[in-house]
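Trainee: Requesting a structural model of the entry that follows:
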Amino acid sequence: MLRLRQYKRCDSEKIAKWLEDENVYLKWGGKMMGDYPLPAAAIDETYRAKNGFCEEDNFYPWVALDDNDNVVGHFIMRYLKGDRRLLRFGWVIVDDSKRGRGYGTEMLRAGLRYAFGIFGAEKITIGVFEKNDIAANCYRKLGFKEVETVPGDPWNVIEMELPREDWKDVY
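Mentor: Numbers count the residues shown, from 1 in each chain. Here you go, the predicted model:
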């Protein structure tokens with residue numbers, strides 16, 4: 001079973017390595033942090049110095065650890081528009097050598113437990129590019145439903161949400 005811990009500066013090196021090609025980088029987050037290739041220092045700068053989106057107490061980066069304490073995944077949580085009941089998950093990625101084994105689903109399930117149980121969120125949102133079927137299927141397994149498609153660059157973004165009352169904590 002995966003465990004979550006808060007992001008540390010040393011994690012940026014691992015995350016940057018998982019962004020092994022431009023397609024993976026774009027699916028991870030578009031160009032929100034800069035151009036490809038993205039250096040680890042840019043990830044750390046965005047997370048630590050800029051608090052993600054330059055809003056105080058609004059940005060929570062996490063990593064997932066396996067049973068051997070290896071970092072195998074990463075994502076962030078942030079509040080939307082100052083609303084403490086509404087959390088957004090983003091920048092979801094799993095170690096490329098671990099993809100296809102359910103790590104993403106397990107990591108985000110742990111994130112949902114934390115978001116609903118500790119943060120007290122009433123709804124979680126997430127966006128996924130239309131060209132990222134694997135991620136979209138992962139989010140659907142967790143109970144996220146599509147609510148709209150927003151034009152985007154390089155691809156349209158499918159906006160998804162999961163209200164607390166629709167979440168089923170299944171192991």
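Trainee: helix or strand right after the longest strand along the chain?
Mentor: Longest strand of the chain, by residue count under DSSP state E: strand 83-94. Heading C-terminal from strand 83-94, the first helix or strand you meet, by DSSP states H and E, is helix 103-117.
Trainee: circling back: packing partners of the longest strand of the chain?
Mentor: Strand 83-94 is packed against helix 11-18, helix 22-29, strand 71-80, helix 103-117, strand 123-129, with contacts defined by 3 or more Cβ pairs under 8 Å, 6 or more residues apart in numbering; DSSP states H and E. Every residue, glycine included, has its C-beta placed from N, CA and C.
Trainee: can you tell which of the ones you listed is closest to residue 164?
Mentor: helix 103-117 (5.4 Å; Cβ to Cβ).
Trainee: Run the chain-centre distance for that closest one.
Mentor: 10 Å (Cα atoms, centre = their mean, to the nearest Å).
Trainee: rewinding a little: rank the helices and strands packed on strand 83-94 by pLDDT, which is bottom?
Mentor: Lowest mean pLDDT within those: helix 22-29, at a mean of 91.
Trainee: For the longest strand of the chain, which strands pair with it and how are they oriented?
Mentor: strand 71-80 (antiparallel), strand 123-129 (parallel) (DSSP bridges).
Trainee: would you list those in a markdown table and tack on distance to residue 50 and mean neighbour count?
Mentor: Below are these laid out as a markdown table (distance: least, Cβ to Cβ, whole Å; neighbours: other Cβ atoms under 10 Å):
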| stretch | distance to residue 50 | mean neighbour count |
| --- | --- | --- |
| strand 71-80 | 12 | 20 |
| strand 123-129 | 20 | 21 |
